[in-house]
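Participant: structure here, sequence nowhere to be found:
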């Protein structure tokens, strides 16, 4: 009878090599799964916020909206600072032509501010009131994050215009 030892050694080597070469998920697959889980959790949270603003499940959506509004205001401040910095320099031909055709400097500043700022939340407005007003603009079903972001942006433009 032949020895079974070489066959066992081959089987063990095959099992070990299969275990070493098999990886659970690639890095991109892991990121995609995390993104899908986050999207699902955020969508659920925003749907809870739309139906019941005082719900504890709505906290993720609240933080999303806080970040959205804060990012918009930070960009506005940076743009305004850049505009003020550019304003101290000598005006270009285009700026002078714009001023002579559109109006004096104060009107121009107001026009540029309106163009640069898509929404203007008043200083005294509470965050909770902003969130309550924005929740009305959420779509019936949030199936992707782009749709959610677009609805928040449209809500900010409608509720807090800069005119």
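Facilitator: Nice, I can see it. What you see is a predicted model; the values in this text were computed from it and never measured. Numbers count the residues shown, from 1 in each chain.
Participant: all contacts plus neighbour counts: C-alpha atoms, from now on.
Facilitator: Noted.
Participant: by mean pLDDT, point me to the weakest helix or strand of the chain.
Facilitator: helix 105-116 (a mean of 53; mean pLDDT, DSSP states H and E).
Participant: moving C-terminal of that helix, what's the next helix or strand?
Facilitator: helix 127-135 (DSSP states H and E).
Participant: where's residue 94, which helix or strand?
Facilitator: Using DSSP H and E, residue 94 falls in helix 93-102.
Participant: which helices and strands sit right next to that helix?
Facilitator: helix 105-116 (3 or more Cα pairs under 8 Å, 6 or more residues apart in numbering; DSSP states H and E).
Participant: if I pick residue 94, what's in contact with it?
Facilitator: Not one residue lies near residue 94 by Cα atoms under 8 Å, 6 or more residues apart in numbering.
Participant: low-scoring stretches of the protein, by residue?
Facilitator: Residue ranges of the chain with pLDDT under 70: 1-39, 76, 79-91, 103-117, 163.
Participant: could you pull out the helices for it?
Facilitator: 5-21, 27-51, 59-87, 93-102, 105-116, 127-135, 145-159 (DSSP state H).
Participant: which residues are contacting the shortest one?
Facilitator: With Cα under 8 Å, 6+ apart as the test, helix 127-135 has contacts from 46, 49-50, 53, 62, 65-66, 152, 155-156, 159.
Participant: and which of those residues is nearest residue 95?
Facilitator: Nearest to residue 95 out of those is residue 156 (Cα to Cα; 30.0 Å).
Participant: residue 134 versus the closest one, what's the distance?
Facilitator: 7 Å (Cα to Cα, to the nearest Å).
Participant: repeat for residue 92
Facilitator: 40 Å.
Participant: more neighbours: these two, which one.
Facilitator: residue 134 (20 against 9; other Cα atoms under 10 Å).
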